[in-house]
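# my questions are about this predicted structure, shown below with the sequence.
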Amino acid sequence: MLKWPPGFKLLNLLDAKPMTLTYISTTIMSTTDTSNWHTVTIRVPFASEQHALIAKQAIEVDKELQPDVVHRSIEVEKDELVAKFTTLTVRLARLTVNAFLDNVELVVRTLGEFGEDAARKTS
């Protein structure tokens, strides 16, 4: 809430009489209360738990650009990559999920191209 100094006056130009403006109110959503935020959970199946772990490690390197309005958690459950996004707005949810799916697609294509070769070289 923005408060004007006591006795602050504006002139009404139509009748040249002063009018008193007590305050102007602005509402800003608190980013600490996430009860009204939007949550999206995505489960991406992989060929193996190892591939899901590789995807998790590759995607976790990039931190959220707006951590105060986007919360992300990524976990592996068996052979699934599970990502949960909690965002302040629906628009942020859409943008965050799109970026995440782009990263998943890149990891899947990379695993398809090099996954078996990389597994053979490490064993």
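Yes, it's here. Residues are numbered from 1 along each chain as shown.

# okay, now the unreliable bits of the protein?
Scanning the chain for pLDDT under 70 picks out 1-34, 116-123.

# what is the burial count for residue 98?
If you count neighbours by other CB atoms under 10 Å, residue 98 ends up with 10. For glycine as for every other residue, the C-beta is placed from the backbone atoms N, C-alpha and C.

# so for the helix or strand hosting it, what gets flagged as buried?
Per DSSP states H and E, residue 98 falls inside helix 90-122. By neighbour count with 16 or more other CB atoms under 10 Å, helix 90-122 contains the buried residues 92-93, 96, 100, 103-104, 107-108, 111, 115.

# who are the packing partners of it?
Here helix 90-122 touches strand 38-45, helix 49-60, strand 70-77, strand 80-87, going by 3 or more CB pairs under 8 Å, 6 or more residues apart in numbering; DSSP states H and E.

# 6 Å instead, please
With contacts taken as 3 or more CB pairs under 6 Å, 6 or more residues apart in numbering; DSSP states H and E, helix 90-122 sits against strand 38-45, helix 49-60, strand 80-87.

# who wins for proximity to residue 69 among the ones you listed?
With CB to CB as the criterion, residue 69 lies closest to strand 80-87 of the helices and strands packed on helix 90-122, at 6.5 Å.

# and the angle from the closest one to helix 49-60?
With axes from the mean of the first three to the mean of the last three CA atoms, to 10 degrees defining the directions, strand 80-87 sits at 30 degrees from helix 49-60.
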